[in-house]
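Peer 1: no letters, just coordinates:
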């Protein structure tokens, strides 16, 4: 397990007993798991990647690389800011103590018993089942989250390759500098022009490092939404699970009611093994039948209450989930638009640098 | 001595005296050279039973008196160009004869008869003939004139005439024997300097050629990746509503930059690469010219040494040595003048080639800048519109 220490910013709004404390990456993971399980209807902000992914070759894929560690630190900070600015999540006590309580935080989390829910949630997220009456909105949202995941990861992969190639173009120009300099030694009139042009070639070649480093921030912004897509999907799955659960409960209730009716009237409409065996081995006594009916009636009453509460739960879930989804959509549109704008700004800056270098170089060449 | 006579190939009526010939190479009154225009184009494939080859159309337009007509159109194949070059080298051993494109490019992936290969060769052949036309001496060479004007059968029969194999062999033998001594010990300082210069120049131009090719290759790889990059944004826009326009905008910018990259590459391959390659070949030619000058010197030196040993045939030797001394002086002056001319041309060519590269790169960045700036403008307009509508009650 890799750990990275992040110094916490002061918690928002409340007077924090501790200004800053140290947290490991694993503790961030624990916090996020807790939040995901405790607030299944919320699109929980994602953590930055644990391991370096989508790297272009000059960037280190080494998780201990200082640049990667720094970017991950920024990502973790961003995660906390996201949680802190979320209308629901920011009020969570465990989150508050994550920011303020140095020791014993882990135990505190475990005491909530969320782990049990976490295990079953994990199982559910991966299980396959069919819902008879899916909510169209959630189905569409799930498709959207799949598409978003797929398109962003493709984008990041190709962007990394583009960055790699651009790096190559710039760096090879650096070779000009050395050769021009050596050539200028044997030239009388051309010497100065060559020498100074060579210097500009060196500047050009060196400029790509900063350009691509800035672009990494853009990539990180996209990555956040790549991971957000996963969180979105989790909410959809949770809804699916609830829906399935509801359908199963309703189905169970219906079959029990039918059984009850059959026993009461003596007609067998549905096939049952018990029914067959009783036919083969002799009918039940009226007392036995009455006892069964009583049990079923109790179960039916329980079932109806459960169904009622499940329905209520379901409606509440849909209401609050959809509210958060709307909030998320707005945030996503705003953030991504800003990211695209900042990408354009980066490209503009790169072009301007290029224009400056080649204007200078052109002047040197024309003086050769 | 055959070589001496052929040097004076354009005016056989003039007295062939050493001093007048030496003056010629001072280029004091450079003849009007802007009156010979040559183009090489229209490559055509010819298939015979034995071979397949390409001919190129060579069109010459001229106002010069010694040409019977003012316009000529002939077809020539690569072999014919090789013949012309060797005739020029024979006639002017210490002049800098322009380079021909190579016979065959082994290391590149270019096939012998691919369109790219033929076009590159055509351009180089065009350059070759024009460089000769611009040369104050070579432009009046008789074989050059025949090359430009003779019909195919005329050229073949002319090729079969001339000194022939035996005399060429004789020259080679002389070259070999004199190369044993090399003519280095009495070499004038200026030619030693030239040698040093050419050694370094040759090295540097070869490296530059490699660098330029590498840049081209990297640009091509960049272009290939960019082609894939833009469409992903378009694909993404299909799943979005609010940000679909922004995504499409970015996609369009990337596609435009991609096209600009194509122009970027074309500029390099059409301009810088051919020039650098030509000068790589030139550096080989120049080393050869310097060697030939040394050989001519070597002939003289060996005769002088022989004279020092044989005292009886002094008179005969003195005459021969006199002739050789003139030959050496001629060769040296020819080379000196042509060297200065070559250096000036080289400087000019390099200046314009690299300036062109810089301009090309500027255009690339300017185009990309305009694309992204207009995208940015469209985005911030939207933002302002949104803000305004929020402010309204």
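Peer 2: All right, it came through fine. These numbers come from a predicted model, not from an experiment.
Peer 1: what ranges do the helices span in chain A?
Peer 2: In chain A, the helices defined using DSSP state H lie at A:25-38, A:66-84, A:93-100, A:105-111, A:114-126, A:136-184, A:191-265, A:273-281, A:286-366.
Peer 1: looking at these, which one has the lowest mean pLDDT?
Peer 2: Among the helices of chain A, helix A:273-281 has the lowest mean pLDDT, at a mean of 60.
Peer 1: now residue B:269, nearest residue through space, not along the chain?
Peer 2: residue B:216 (6.1 Å; C-beta to C-beta, 6 or more residues apart in numbering or on different chains). (C-beta placed from N, C-alpha, C; glycine too.)
Peer 1: so which elements touch the strand or helix carrying the one you found?
Peer 2: Residue B:216 is part of helix B:189-237 when elements are defined by DSSP states H and E. Contacts defined by 3 or more C-beta pairs under 8 Å, 6 or more residues apart in numbering or on different chains; DSSP states H and E place helix B:189-237 against helix A:136-184, helix B:244-267, helix B:273-309, helix B:314-391.
Peer 1: so which of these is nearest residue A:216?
Peer 2: In terms of C-beta to C-beta, the element of the helices and strands packed on helix B:189-237 nearest to residue A:216 is helix A:136-184, at 8.7 Å.
Peer 1: burial of residue 160, as a residue count?
Peer 2: As the question left the chain open, I've gone with chain A. 19 (other C-beta atoms under 10 Å in any protein chain shown).
Peer 1: nope, chain B please
Peer 2: What residue B:160 shows, counting by other C-beta under 10 Å, is a neighbour count of 8.
Peer 1: look up how far residue B:343 lies from it.
Peer 2: Per C-beta to C-beta, to the nearest Å, residue B:160 is found 38 Å from residue B:343.
Peer 1: on that earlier part again, quick one: mean pLDDT for the helix holding residue B:216?
Peer 2: On average, helix B:189-237 scores 95.
Peer 1: what residues are up against residue B:123?
Peer 2: Applying C-beta atoms under 8 Å, 6 or more residues apart in numbering or on different chains, we find residue B:123 in contact with residue B:274.
Peer 1: I misspoke; the intended subject was residue A:198.
Peer 2: Residues near residue A:198 by C-beta under 8 Å, 6+ apart: A:176-181, A:184.
Peer 1: the helices in the stretch 1-150 of chain B, which residues?
Peer 2: B:2-7, B:18-24, B:78-91, B:115-134, B:142-149 (DSSP state H, counting those that start in this stretch).
Peer 1: what angle sits between the next helix-or-strand element following the last one and helix B:78-91?
Peer 2: Of the helices and strands lying after helix B:142-149 in sequence (DSSP H and E), the nearest is helix B:152-160. Angular relation of helix B:152-160 and helix B:78-91 on a 0 to 180 degree scale: 40 degrees, by axes from the mean of the first three to the mean of the last three C-alpha atoms, to 10 degrees.
Peer 1: what helices or strands is helix B:152-160 leaning on?
Peer 2: strand B:71-77, helix B:142-149.
Peer 1: a markdown table please, covering these and showing mean neighbour count, distance to residue A:84 and mean pLDDT.
Peer 2: Putting those into a markdown table (neighbours: other C-beta atoms under 10 Å in any protein chain shown; distance: least, C-beta to C-beta, whole Å; pLDDT from 0 to 100) gives the following:
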| stretch | mean neighbour count | distance to residue A:84 | mean pLDDT |
| --- | --- | --- | --- |
| strand B:71-77 | 17 | 80 | 92 |
| helix B:142-149 | 20 | 84 | 92 |
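Peer 1: rewinding a little: for the helix holding residue B:216, the distance to its chain's centre please.
Peer 2: When distances are taken as C-alpha atoms, centre = their mean, to the nearest Å, helix B:189-237 is centred 18 Å away from the chain's centroid.
Peer 1: go on, stretch B:371-384?
Peer 2: With C-alpha atoms, centre = their mean, you get 48 Å for stretch B:371-384.
Peer 1: briefly note if that stretch comes near chain A.
Peer 2: Yes - with C-beta under 8 Å from any C-beta of the partner chain as the criterion, chain A is reached by stretch B:371-384 at B:372-373, B:375-376, B:379-380.
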